[in-house]
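Engineer: the sequence and its predicted three-dimensional model are supplied below.
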Amino acid sequence: MNEETRPEPEFIVFDPQRFLGLDEMGLRVLSWRRLGRPDGPGLRQIRCEPDSHDARWCPSCGAYARVRSSWLRTLAHVPYGDDAVHLLVRVRRYECVPCSRSWSDDLEAVGAGRGVLSVPAVMWALRRVCLDSMTVSACARLLHVAWAVVDRAVREQGMLLLEQADRFSSVRAIGVDEHVWRHGAFGDRYVTVIVDLTPRCDGRPARLLDMVPGRSAQVLREWMQARGGEFTRRVGVVAMDAFAGWKQAVESVVPHAVEVIDPFHVVQLAAARVTKVRCRLQRDATGRRGVKGDRLYDCRRALLTSDEYLGARGRARLMTLFAIQTNHDLMLA
Ligand SMILES: [Zn+2]
């Protein structure tokens, strides 16, 4: 497109009422301002109030109430471009003069409980974290709130969605691994992590199914049994490392399933075996462990590197190593 036909970009006025979806939340914008450098991310503060006249009528006697007091509640809202958006909502307290009853504006549709995030902001954060793999701290930075605020909101809302969704009904292949979650002497140091590998069949990423404290045959057995017969009948593949406990559990609960050792652990086992053989050959040849300058020791990394990542130098090194008769065991390993 040449210069003449390119349309001029339009000048538009930032209209918070329209752009931030405040109509749906029942909020009316009073005024707004932007803080921060003009060329960098900033903070837009939107002063608004609930746009409801029904709240002024007394629920008991139906009289028209007066506003007794008001305060500002700050809610972090969905970011606008690079700018964080904070809603400063004026919450009013009403008082009915005839029956002296008092009540406040209902903000449940705007921000649940005493939460710091607006309802759309919670869903926005959940989407960023769960679907776009954004970190909680990056989310918190964009929303201009503390890390713990986003962490709590995402976990609470995520658990609600998990309870509603039937995440076990489509599972046909699972992966099991352990994770050290506490480095200490007391209590369970491990959690067993169970992922759903079924989406991998279509090239989509695997998804986390559950995490259970502990790492034993019993933990996995009880978890699988708790899912019910329908689940155990459907699971046909279980990927795991070479830990005997899981093998036992799988054999007792889902005996029909194919056990697979995942690629990471296959490589890990093979590498450990190669290193073991290298150490043995070193001791056989010199009667001590390898040190810098020993050919076997100097090749310790090249031996564990796959062919495609091995440079010309590494390949030549291995060739000279394998040329020695006593090192032929390494080629077999
Ligand atoms: Zn009243």
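Structural biologist: Thanks, I have it.

Engineer: now stretch 43-59: how far from the chain's centre is it?
Structural biologist: Centre-to-centre, stretch 43-59 and its host chain are 35 Å apart (CA atoms, centre = their mean, to the nearest Å).

Engineer: same deal with stretch 139-151?
Structural biologist: Computed by CA atoms, centre = their mean, the chain-centroid distance of stretch 139-151 equals 14 Å.

Engineer: pull out the buried positions in that stretch.
Structural biologist: For stretch 139-151, burial by neighbour count (16 or more other CB atoms under 10 Å) applies to Cys139, Ala140, Leu142, Leu143, His144, Val145, Val149, Val150, Asp151. Any C-beta I mention is one placed from the backbone N, CA and C, and that applies to glycine too.

Engineer: beta partners of whatever residue of the stretch 201-333 of the chain ends up closest to the ion?
Structural biologist: Nearest to the ion in the stretch 201-333 of the chain, going by CB to the ion, is Asp210, at a distance of 51.6 Å. Beta-bridge partners for Asp210, by DSSP bridges, are Ile194.

Engineer: ok, it - contacts?
Structural biologist: Residues in contact with Asp210 (CB atoms under 8 Å, 6 or more residues apart in numbering) are Val193, Ile194, Trp223.

Engineer: which one of these is nearest Val85?
Structural biologist: Of all the contacts of Asp210, Val85 sits closest to Val193, with 35.9 Å by CB to CB.

Engineer: tell me where the chain has strands.
Structural biologist: 27-35, 43-50, 66-80, 83-95, 102-104, 173-180, 190-196, 207-213, 237-240, 258-261 (DSSP state E).

Engineer: possible to save these as TSV with mean pLDDT?
Structural biologist: Shown next, in TSV, are the strands of the chain (pLDDT from 0 to 100):
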stretch	mean pLDDT
strand 27-35	92
strand 43-50	93
strand 66-80	93
strand 83-95	93
strand 102-104	92
strand 173-180	87
strand 190-196	88
strand 207-213	86
strand 237-240	87
strand 258-261	84
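
Engineer: show me which residues of this structure sit near the ion.
Structural biologist: Cys58, Ser60, Cys61, Ala63, Cys96, Cys99, Arg101 (CB under 5 Å from the ion).

Engineer: try it again at 8 Å.
Structural biologist: When proximity is defined as CB under 8 Å from the ion, the chain approaches the ion at 58-63, 65, 96-101.

Engineer: of the residues you listed, closest to Arg288?
Structural biologist: Pro59 (88.4 Å).

Engineer: which residues touch the closest one?
Structural biologist: By CB under 8 Å, 6+ apart, Pro59 lies in contact with Arg101, Trp103.

Engineer: from Met240, how far off is it?
Structural biologist: 59 Å (CB to CB, to the nearest Å).

Engineer: contacting residues for the residue located most distally from the centre of the chain?
Structural biologist: In the chain, Pro98 marks the outermost C-alpha relative to the chain mean, sitting 53.6 Å out by CA atoms, centre = their mean. The neighbours of Pro98, taking CB under 8 Å, 6+ apart as the test, are Cys58, Cys61, Ala63.

Engineer: in helices only, show me the residues you listed.
Structural biologist: Applying DSSP state H to the contacts of Pro98, no entry is found in helices.

Engineer: now tabulate those in CSV and tack on pLDDT and neighbour count.
Structural biologist: CSV is the format used below for these (pLDDT from 0 to 100; neighbours: other CB atoms under 10 Å):
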residue, pLDDT, neighbour count
Cys58, 91, 19
Cys61, 91, 12
Ala63, 90, 14
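
Engineer: would you turn these into JSON lines with distance to Leu27?
Structural biologist: Shown next, in JSON lines, are the contacts of Pro98 (distance: CB to CB, whole Å):
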{"residue": "Cys58", "distance to Leu27": "23"}
{"residue": "Cys61", "distance to Leu27": "28"}
{"residue": "Ala63", "distance to Leu27": "26"}
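
Engineer: quick one: which of those residues is nearest Asn327?
Structural biologist: Closest to Asn327, out of all of the contacts of Pro98 and judged by CB to CB, is Cys58, at 93.0 Å.

Engineer: sorry, back to before: going by distance to Gly26, which of the buried residues of stretch 139-151 wins?
Structural biologist: Looking across these and measuring by CB to CB, the closest to Gly26 is Leu143, at 21.4 Å.

Engineer: quick one: the closest one from the ion, how far?
Structural biologist: 40 Å (CB to the ion, to the nearest Å).
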